[in-house]
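**Q** just the structure for this:
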Amino acid sequence: MEDMIQYCRYYKGEEECPEFYNGTDFDNVWFYEKVWANSETDRDEKGCNTTEYIAYGMKEFNADDGVPITLKAMLFNRYCRGNGGGVENEKEHFKKWYQKLYPASE
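**A** Down below sits the predicted model:
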């Protein structure tokens, strides 16, 4: 897990989400980073989230930003399912949301 935290922008190993994230987009991202960092299954590049992410043509999206594809795939899956618009309809919205939370300059 320690090795995976280095890829997280919000989760730093805390047991609970820091209060300053509560009620923002960051609290959900913190939660999913925590799940990802602690779950080998969610980091499996052959897992369903990553397979889906690639199938929807997202493999090259911000491919060089330092965030593992498996974490991006998990965020993509949760974003699309949570917004209920279907994956094809949510792809462009996800990209904007992701870039807001994971700016390239970090």
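
**Q** use CA for all of it now, contacts and neighbours both
**A** Fine.

**Q** which phi and psi does residue 62 have?
**A** Backbone geometry at residue 62, expressed as degrees, to the nearest 10, gives phi 50, psi 40.

**Q** give me the neighbour count for it.
**A** Counted by other CA atoms under 10 Å, the residues lying close to residue 62 total 16.

**Q** which positions in the strand or helix carrying residue 90 come out as buried?
**A** Using DSSP states H and E, the element containing residue 90 is helix 87-101. With burial defined by 16 or more other CA atoms under 10 Å, the residues of helix 87-101 counted as buried are 87, 90-91, 94, 98.

**Q** widest-spaced pair of those?
**A** 87 and 98 (14.7 Å; CA to CA).

**Q** quick one on the thing from earlier: make JSON lines out of the buried residues of helix 87-101 and add distance to residue 50 and pLDDT.
**A** Formatted as JSON lines, those follow (distance: CA to CA, whole Å; pLDDT from 0 to 100):
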{"residue": "87", "distance to residue 50": "14", "pLDDT": "72"}
{"residue": "90", "distance to residue 50": "16", "pLDDT": "85"}
{"residue": "91", "distance to residue 50": "14", "pLDDT": "90"}
{"residue": "94", "distance to residue 50": "15", "pLDDT": "93"}
{"residue": "98", "distance to residue 50": "16", "pLDDT": "95"}
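
**Q** ok, the nearest residue to residue 68 once chain neighbours are set aside - contacts?
**A** Among residues not flanking residue 68 along the chain, residue 7 sits closest, at 7.2 Å (CA to CA, 6 or more residues apart in numbering). Residue 7 makes contact with 66-68 under the criterion CA atoms under 8 Å, 6 or more residues apart in numbering.

**Q** name the nearest of the residues you listed relative to residue 20.
**A** residue 67 (22.7 Å).

**Q** what's the local residue count around that closest one?
**A** A count of nearby residues for residue 67, using other CA under 10 Å, gives 15.

**Q** I'd like the numbering to begin with 8 instead of 1 from here.
**A** Yep, numbering from 8; the last one is residue 74 now.

**Q** which residue is the nearest non-sequential neighbour of it?
**A** Residue 74 sits nearest to residue 14 (CA to CA, 6+ apart), 5.9 Å away.
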